[in-house]
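Visitor: next input, structure requested:
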Amino acid sequence: MKTSLRILLVVLLVGAAVWIGWPSSSTKAPIASTSKAKPERAVTNSLPITPPSSDMATVPPAATPLTLIIPASVVQVPQSHPMAPPAVREFRDWAEKYFRAKPEQQPKLIEEGTKLAMAHQKAIGQLIPEDPKLAIENAVPMVVRQSLPEEIVSKLEKRVNTTGSLTRYGAVPVEGEPTSKNPMSYSFVAQDAPVGEAMTAYVYGSRSADWWLKETKVNGISAEGVLAIADLRVRQLEVGEQFDPKKPVIEVCPVSGTETPLPAATPNAPRVASADTTVVEDNRRVIVMCAGGHITRYSSQLAYEEGRGTQYMAEGAAGGGFKPFNVNTAKTESLLYLRIAFPDIMQEPRTEADVYDTLRRVTDYFATSSFGRYFLTPTVTPLIVLPYPEQWYIASRNSAGKPNGYGLLQDHAFEAARRLGYDKSSYDLDVCDYKGGPHTTEDGGSFGGLGGGRSVWLYNQSTGGGLDGVLSHELGHTFGLS
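Guide: Numbering: from 1, shown residues only. As a prediction, this is how the structure comes out:
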């Protein structure tokens, strides 16, 4: 009995203890102490603890490195022109494949790319004479070129941005021989080009009015030994194109004078053209324009400076003769006439007396047809003997494999004449007269008479009225007449 009472008492005591210690749902939070005692500080590092937020990315542990994922195609290859030759489209398809390939796979594509690059240059070279504007538009974009390996770029067409002399020539064909496909052709000699390295050039737009510029800015492309010259003297940089590090950057617009500062250059990183700026380059500088419309105006300014002071001649209002239209007074020009012979033939083209008779009649013609406002004062050299035989000049070719014998003949004749006291720089015009030898231009056409710039070539011309007509015709080309 006592044992049962004891067990019941223990149960009651345990139950009471449990009831007293159980937390109530209505228990209030303790009232904060009003004492100024310092709260306890948790033992942490010196950085504040930021509570997690639902819009914050989870930061990986410090031991886990961050991996940057680069897009497979960093370089975007622009689509080819709708009228692009197949070789142009094929190369761009290859370039797209090259840039999408992993770095370890790219070397395996070089051989294929080299062949396609060579085919690309050939196609562009064939397109230049037909449509120089379309050829330039189909050239490999700079944003693509700058990211290709050198062994590929070296096989493509060349970008041209330089200065030099540009001359338009008109040719009189030799009877019975093939003529040039284009009787009016252009020749360009770069300022730093070796002797004999003139290039046949093709122009369009406002450039078609150029007939002789001693020094002009040229922007274009060359392929297969021919040159396509763009309408504008400067070239606008493509979005993403790197600035040429060798050229200073001019941030003042040459048209408006407005300064457009660019972001500061980053060390060891090239500056790149962006979509919100207009940047052009010529042969010496990179220029920031304040507006895209100023590119054409700036090019026109350059063209004016290049041609300022040039005399142009045209037919008179009644359709007779030639008449200067940008001079107010009579003009006299000096002419150096070189009689030339090859050392293995030693045949003079005509006697000195015959030449003076011809020049007297030609001078009278120009004085009469210009209404007394244009005269020639000719000087005839002794017989000039060239340093090389006839076949050497006929066989001569430039670095592109194009005939250049007639140009070398002229250069060598000038040097021989200079030693005799006749410096061509002292004369306004010059004529090279010779029998036999080279008479084929870079485009493969032959000539009996050729004139342009300040020079005339006469090949196998007989003395008499026929010579008068050919010489007058070719001198007309030196006036800018077509």
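
Visitor: I'd say Val279 and Arg235 touch.
Guide: No: using Cβ atoms under 8 Å as the test, Val279 is too far from Arg235 to be in contact (9.8 Å). Bear in mind the C-beta positions are built from the backbone N, C-alpha and C, glycine included.

Visitor: who's more crowded, the two?
Guide: Ranked by neighbour count (other Cβ atoms under 10 Å), Val279 and Arg235 place Val279 first, with 26 against 21.

Visitor: tell me which element that one falls in.
Guide: strand 278-281 (DSSP states H and E).

Visitor: which residues does that strand contact?
Guide: Applying Cβ atoms under 8 Å, 6 or more residues apart in numbering, the external contacts of strand 278-281 come out as 161, 234-237, 243-244, 247, 273, 286-292, 294-295, 298.

Visitor: buried ones among those?
Guide: Neighbour-count burial (16 or more other Cβ atoms under 10 Å) applied to these gives 161, 234-237, 243-244, 273, 286-290, 294-295, 298.

Visitor: would Thr377 count as being in a helix?
Guide: No: under DSSP: H, G, I helix; E, B strand; the rest coil, Thr377 sits outside any helix and is assigned strand.

Visitor: ok, it to Lys214 distance?
Guide: 21 Å (Cβ to Cβ, to the nearest Å).

Visitor: one more: Ala341?
Guide: Counting by Cβ to Cβ - Ala341 and Lys214 are separated by 29 Å.

Visitor: of those two, who's got more company?
Guide: Comparing Ala341 with Lys214 by neighbour count (other Cβ under 10 Å), the higher total belongs to Ala341, at 20 against 13.

Visitor: ok, what's across the strand from that one?
Guide: When bridges are called by DSSP bridges, Ala341 pairs up with Val385.

Visitor: contacting residues around it?
Guide: Gln347, Glu348, Pro349, Leu383, Ile384, Val385, Leu386, Tyr434, Lys435 are the contacts of Ala341 under Cβ under 8 Å, 6+ apart.

Visitor: export stretch 408-418 as CSV, just CAs?
Guide: This file holds the C-alpha atoms of stretch 408-418, laid out as CSV (Å, rounded to 0.1, in the frame of the first residue of the first chain):
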residue,chain,number,x,y,z
LEU,A,408,61.5,52.8,-118.3
LEU,A,409,62.4,54.1,-121.8
GLN,A,410,61.1,57.5,-120.8
ASP,A,411,62.9,57.4,-117.4
HIS,A,412,66.2,56.4,-119.1
ALA,A,413,65.8,59.0,-121.8
PHE,A,414,65.2,61.8,-119.2
GLU,A,415,68.4,60.8,-117.4
ALA,A,416,70.5,60.8,-120.6
ALA,A,417,69.0,64.2,-121.6
ARG,A,418,69.7,65.6,-118.1
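
Visitor: quick one: average pLDDT of it?
Guide: The average pLDDT for stretch 408-418 rounds to 95.

Visitor: so which bits of that stretch are buried?
Guide: Leu408, Leu409, Gln410, His412, Ala413, Phe414, Ala416, Ala417.

Visitor: and the closest residue to the second one other than its chain neighbours, what are its phi and psi?
Guide: This points to Leu409. Of all residues beyond its chain neighbours, the one nearest Leu409 is Tyr393 (5.2 Å), with distances taken as Cβ to Cβ, 6 or more residues apart in numbering. Per-residue torsions, Tyr393: phi -70, psi -40 (degrees, to the nearest 10).

Visitor: any idea how far Arg397 is from the nearest residue to His439 once chain neighbours are set aside?
Guide: The spatial neighbour of His439 that comes closest, neighbours along the chain excluded (Cβ to Cβ, 6+ apart), is Tyr459 at 4.1 Å. Noted for Tyr459: a distance of 19 Å to Arg397, by Cβ to Cβ.

Visitor: compare those two (neighbour count), which wins?
Guide: Counted by other Cβ under 10 Å, Tyr459 and Arg397 do not tie: Tyr459 has more neighbours, with 24 against 13.

Visitor: take the contacts of Ala341 and write them to JSON lines, including pLDDT, distance to Gly452 and neighbour count.
Guide: JSON lines is the format used below for the contacts of Ala341 (pLDDT from 0 to 100; distance: Cβ to Cβ, whole Å; neighbours: other Cβ atoms under 10 Å):
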{"residue": "Gln347", "pLDDT": "91", "distance to Gly452": "26", "neighbour count": "11"}
{"residue": "Glu348", "pLDDT": "92", "distance to Gly452": "25", "neighbour count": "19"}
{"residue": "Pro349", "pLDDT": "94", "distance to Gly452": "20", "neighbour count": "23"}
{"residue": "Leu383", "pLDDT": "95", "distance to Gly452": "25", "neighbour count": "14"}
{"residue": "Ile384", "pLDDT": "95", "distance to Gly452": "21", "neighbour count": "22"}
{"residue": "Val385", "pLDDT": "96", "distance to Gly452": "26", "neighbour count": "15"}
{"residue": "Leu386", "pLDDT": "96", "distance to Gly452": "22", "neighbour count": "22"}
{"residue": "Tyr434", "pLDDT": "95", "distance to Gly452": "18", "neighbour count": "29"}
{"residue": "Lys435", "pLDDT": "93", "distance to Gly452": "22", "neighbour count": "18"}
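
Visitor: out of the residues you listed, which is nearest to Glu130?
Guide: Tyr434 (33.2 Å; Cβ to Cβ).

Visitor: quick one: contacts for that closest one?
Guide: Tyr434 sits in contact with Arg339, Ile340, Ala341, Phe342, Pro349, Leu409, Leu458, Tyr459, where contact means Cβ under 8 Å, 6+ apart.

Visitor: and for Val239?
Guide: By Cβ under 8 Å, 6+ apart, the residues touching Val239 are Val143, Ala273, Ser274, Ala275.

Visitor: now Arg159. Nearest residue, chain neighbours left out?
Guide: Ile221 is the one closest to Arg159 (Cβ to Cβ, 6+ apart), at 6.0 Å.

Visitor: just Met346 next, same as before
Guide: Nearest in space to Met346, with sequence neighbours left out and distances taken as Cβ to Cβ, 6+ apart, is Val385 at 7.3 Å.

Visitor: what distance do you get for that neighbour to Gln461?
Guide: Separation of Val385 from Gln461 (Cβ to Cβ): 19 Å.

Visitor: for stretch 245-253, give me every contacting residue.
Guide: For stretch 245-253, the surrounding residues in contact (Cβ under 8 Å, 6+ apart) are 243, 258-262, 270-271, 281, 284-291, 294.

Visitor: hang on, the earlier thing: what pairs with the residue nearest to His439 across the strands?
Guide: Here Tyr459, judged by DSSP bridges, has bridge partners Tyr434.

Visitor: can you check Thr200 too?
Guide: Ser187, Val226.

Visitor: which ones are touching it?
Guide: Residues in contact with Thr200 (Cβ under 8 Å, 6+ apart) are Ser185, Tyr186, Ser187, Gly225, Val226, Leu227, Lys402, Thr441, Glu442, Asp443.

Visitor: low-confidence ranges, the stretch 201-350 of the chain, go.
Guide: Within the stretch 201-350 of the chain, the segments meeting pLDDT under 70 span 308-329.

Visitor: again, only using 80
Guide: 265, 307-330 (pLDDT under 80).

Visitor: which one of the buried residues of stretch 408-418 sits closest to Pro82?
Guide: Leu408 (42.6 Å).

Visitor: cheers, nothing more for now.
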